[in-house]
Each structure stands twice: as C-alpha cells, then as structure tokens.
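Asker: Could you look at this predicted model? Sequence included:
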Amino acid sequence: MSKLGKRTRAAREGVDRTKLYPLPEAVKLVKERAKAKFDETIEVAMNLGVDPRHADQMVRGVVSLPNGSGRSVRVAVFARGAKADEARAAGADIVGAEDLVEKVTAGNIDFDRCIATPDLMPLVGRLGKVLGPRGLMPNPKVGTVTMDVTAAVKGAKGGSVGKASFPAEKLVENIKAFADAVAKARPAGAKGTFVQRVAVSSTMGPGVKVEPASILGG
C-alpha cells in the first residue's frame, strides 16, 4: 500500500471519514483544507438510487447556481477515433492522444479535469509525475478511466459548485440548489431512497461525507 503524502495526511486530520456532517459543517471543513496555491474548485458528489443501465432511470438536467461556479470546468480527454468524437460532442474542451501527451509534457496543462479511455492509459501513464501531484491523473476507481466518455465528461463539468474562495454560505446555497435540481430530476423508474450518499470536496482535499437530509430542502 502506498504511503499518504504529508499534505494529504494533514488535510485528512480532523475529518472523520465515517461520520455524516451537516452541510454547513462539511463546507467549513472542506474550505479549511483547501491549501493549494491555486483557488481550488469545490465539488459535490452524489450516489443516487438508480440503475443507469435502464433508459428510464437516467438523470439529466441543467441547474443555474445562485452564486455561479467561479468559472467553467475545463475537461481534457485522452481518446482516439470515435471516442474522441464522442468526447467533443459531450463538451470536452481538449481532446487528443499523442499530441495531448506532448502538450502536457511541455507544461501546457490548461484543464481542470482529465479523462482517458482504457486503451490510452499506457500512454497517459507516462504523465503520472506531471498529472499526479495536481490531482489530475485519470483513475478507474473514480470513473475517469472509462469507455463511457460522455457520462464522464458531463459528470466532470457538472460537479463544480464554486471555488474555495467563495464564502461558506454561498457554497451552501449553491450545493442546495444543485441537490434540489437533482431531486427534481428523479426518474419515474427510480425506487426507494433516491439520494443515498453525498460528499463534498475541493480539488486537492479529502472528501467529507454529508448528511443527505441537510442538503435537501430548507
């Protein structure tokens, strides 16, 4: 098992990874741990009680955040052929293969999120020392190494709810607006508890679990 870096260990201190925090407290913890030299993006991740394999359980929608998101999230995708075309159609800002590797190697990292198709990971793997420290390395465990580039691109662009520099109350308002839009987009085919798990994080910080009841309504 790889050892956690000093920054990661420090960021995780004071965060109980088994606890569900009320939204305002979760936002406070995330802001306190956003220590990067740039203004980190604040994101919300939600696990929903749906089966995306069924067409009648897809969740789609657009939300206008009351306080804006700071700026749009720029997404880069390592893909070739039809998957590259699919990435562009989904809204990816930068798409490429060997040419994109060359740009990143040269220090041209003009994106906030990075996605790759599995077949290009041997190529992207060469960029670990460049992308890793920035938290940009594609990872299958978080869905950024995938053949479903459409879902990955939309997910990467849809999770931003502000910047670490935003006042806490503004972030809370944005997160609640995002959650409300998701709740209203509940598919008719979804059964049981719809919003099952919620977490908030910054670009380089740890995820903080949130009480679902504190994010919905109110």
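Answerer: The structure has been received and is ready for your questions. None of the values given here were measured: they were computed from a predicted structure.
Asker: Pretty sure residue 98 sits against residue 122.
Answerer: No. Taking contacts as C-beta atoms under 8 Å, residue 98 lies outside contact range of residue 122: 11.7 Å. No exception for glycine: its C-beta is placed from N, CA and C like everyone else's.
Asker: what about the two, which has more around it?
Answerer: For residue 98 versus residue 122, neighbours defined as other C-beta atoms under 10 Å are more numerous around residue 98 (11 against 8).
Asker: Report the contact partners of that one.
Answerer: Residues in contact with residue 98 (C-beta atoms under 8 Å, 6 or more residues apart in numbering) are residue 123.
Asker: What values do phi and psi take at it?
Answerer: phi -60, psi -40 (degrees, to the nearest 10).
Asker: so what's the residue nearest to residue 56 when sequence neighbours are not counted up against?
Answerer: Computed as C-beta to C-beta, 6 or more residues apart in numbering, the closest residue to residue 56 that is not its neighbour in sequence is residue 189, at 3.9 Å. The contact partners of residue 189, taken as C-beta under 8 Å, 6+ apart, are 50, 54, 56, 57.
Asker: hmm, try it at 7 Å
Answerer: Applying C-beta atoms under 7 Å, 6 or more residues apart in numbering to residue 189 gives the contacts 54, 56, 57.
Asker: any idea how far the second one is from residue 50?
Answerer: Translated: residue 56. Per C-beta to C-beta, to the nearest Å, residue 56 is found 9 Å from residue 50.
Asker: can you list residues touching both of those two?
Answerer: Common neighbours of residue 56 and residue 50 (C-beta under 7 Å, 6+ apart) are residue 187.
Asker: Who has more neighbours out of these two?
Answerer: residue 50 (19 against 10).
Asker: Go ahead and confirm the more buried one touches residue 191.
Answerer: No. Counting by C-beta atoms under 7 Å, residue 50 does not reach residue 191; the two are 8.9 Å apart.
Asker: Report all helices and strands that the single longest helix found in the chain contacts.
Answerer: As assigned by DSSP state H, the longest helix anywhere in the chain is helix 168-184. Other helices and strands packing on helix 168-184, by 3 or more C-beta pairs under 7 Å, 6 or more residues apart in numbering; DSSP states H and E, are helix 23-32, strand 41-48, strand 160-163, helix 212-215.
Asker: quick one: which of the ones you listed is nearest residue 81?
Answerer: Nearest of the helices and strands packed on helix 168-184 to residue 81, taken as C-beta to C-beta: strand 160-163 at 28.8 Å.
Asker: Helices along the protein, start to end?
Answerer: With DSSP H as the criterion, the chain has helices spanning 6-12, 23-32, 81-90, 98-105, 121-124, 128-131, 149-158, 168-184, 212-215.
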